[in-house]
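Engineer: with the input below, show me the fold.
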Amino acid sequence: MIVVRADSVKADVRQAVLMKTLFSENHIEGGRARFGVVTIPPQARIPLNGEGSHEEDEYSILIKGSILTGVGDKEHRLTAGDASLIPAGEAHWAYNDGDEECEIVWVLVRR
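Structural biologist: Predicted coordinates:
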């Protein structure tokens, strides 16, 4: 068993968004997944402009707050307890339009 304390992981901070990768593919030989948590403050957007994508499928669950997210011209409102799956290569964005921070646990899995 490998245990990682979230407060011991250095955050990647962009526009006050705190992104922490708790487990990377390097933690286990032949690993195909990354696991982490992101905290998005009110009025913050990721990416800052446009849409972002990655080579892995993204599984997420919203732990706290509410967020507006979109793929193409489709928007979705996610609240605490909601989960999402974004297939590899699908361009997407997220915007915290609320007045409290949003916390999301995510897993990126290579096929």
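Engineer: quick check: beta-bridge partners of R45?
Structural biologist: Y95 (DSSP bridges).
Engineer: okay, now it: neighbour count?
Structural biologist: Number of residues near R45 (other C-beta atoms under 10 Å) recorded here: 17. To be clear about C-beta, it is placed using only N, CA and C from the backbone, and glycine gets the same treatment.
Engineer: in contact with it, which residues?
Structural biologist: Contact partners of R45, counting by C-beta atoms under 8 Å, 6 or more residues apart in numbering, are 15, 93-96.
Engineer: redo that, cut-off 10 Å
Structural biologist: Contacts for R45 (C-beta atoms under 10 Å, 6 or more residues apart in numbering) come out as 15, 17, 67-68, 93-97.
Engineer: same question for S53.
Structural biologist: Contacts of S53 by C-beta under 10 Å, 6+ apart are 47, 71, 86-92.
Engineer: change it to 7 Å
Structural biologist: Counting by C-beta atoms under 7 Å, 6 or more residues apart in numbering, S53 makes contact with 89-92.
Engineer: tell me which of the residues you listed fall in helices.
Structural biologist: The members of the contacts of S53 all map outside helices under DSSP state H.
Engineer: what subset of these is buried?
Structural biologist: H92 (16 or more other C-beta atoms under 10 Å).
Engineer: can you show me the strands along the protein?
Structural biologist: Applying DSSP state E to the chain gives strands spanning 12-14, 17-23, 33-40, 45-46, 57-64, 66-71, 74-79, 83-86, 93-95, 102-109.
Engineer: hang on, S24 packs against R34?
Structural biologist: Yes: if you go by C-beta atoms under 7 Å, S24 and R34 touch, sitting 5.2 Å apart.
Engineer: higher neighbour count, the two?
Structural biologist: Neighbour count, other C-beta under 10 Å: between S24 and R34, R34 has more, with 20 against 13.
Engineer: what's the closest non-adjacent residue to the more buried one?
Structural biologist: Excluding the flanking residues, the one nearest R34 by C-beta to C-beta, 6 or more residues apart in numbering is L108, at 4.5 Å.
Engineer: same question for G36.
Structural biologist: Counting by C-beta to C-beta, 6+ apart, G36 lies nearest to T21, which is 4.3 Å off, once chain neighbours are set aside.
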